[in-house]
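Visitor: below are the sequence and a predicted model; questions follow.
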Amino acid sequence: MENMLKLLKALSDGARLRILMLLSSRELCVCQLMAVLCISQPLVSKNLNIMKNAGLIRSRRDGKLMFYSINRALERNGAALVKSVIKGFKSSPEAAMDLEALSECTEFQKKTGRCDMETLKKFLKERGCR
């Protein structure tokens, strides 16, 4: 029961739901999540930590970058819950905007050929994020 409570608490925040939905499309780095959500690195990291402690996601380091993905080894009940939450959230207007922003971020990174803080700041400025 403790694991299920952690999982439910991790799913009880709008930013974390948005992160989960984005990660359901593919593995993402912190910079990409910051760019899409227009939130600071400490806030993204805090939410990722909560999700990781609940067993929702896993991480891997590639040089200076941390990449996150959904933990495909979730317990059976947890996996069913996560799948249902993602399915429900994907039809929301927020999800459509986030997926569009992710596509724009990906294209921006392809053009610049980089994934770093400087590139992120340029993208955030273009999007009108603070």
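Guide: Received, thanks.
Visitor: now do the buried residues in stretch 11-18.
Guide: 11, 16, 17, 18 (16 or more other CB atoms under 10 Å). C-beta coordinates here come from the backbone N, C-alpha and C atoms, glycine included.
Visitor: the first one and residue 116, how far apart?
Guide: This means residue 11. 31 Å (CB to CB, to the nearest Å).
Visitor: can you check the third one too?
Guide: When CB to CB is the yardstick, residue 17 and residue 116 sit 27 Å from each other.
Visitor: let's see which of the buried residues of stretch 11-18 end up in helices.
Guide: Among the buried residues of stretch 11-18, DSSP state H puts 16, 17, 18 in helices.
Visitor: quick one: the helices in the protein?
Guide: Under DSSP H, the chain gives helices at 2-10, 14-23, 30-37, 41-53, 76-89, 93-112, 117-127.
Visitor: out of the ones you listed, which is the most enclosed?
Guide: helix 30-37 (a mean of 23; mean count of other CB atoms under 10 Å).
Visitor: what's it in contact with?
Guide: Outside helix 30-37, the residues that touch it by CB atoms under 8 Å, 6 or more residues apart in numbering are 15, 18-19, 22, 40-41, 44-45, 48, 65-66, 68, 98, 101-102, 105-106, 109, 115-117, 119-120, 123-124, 127, 129.
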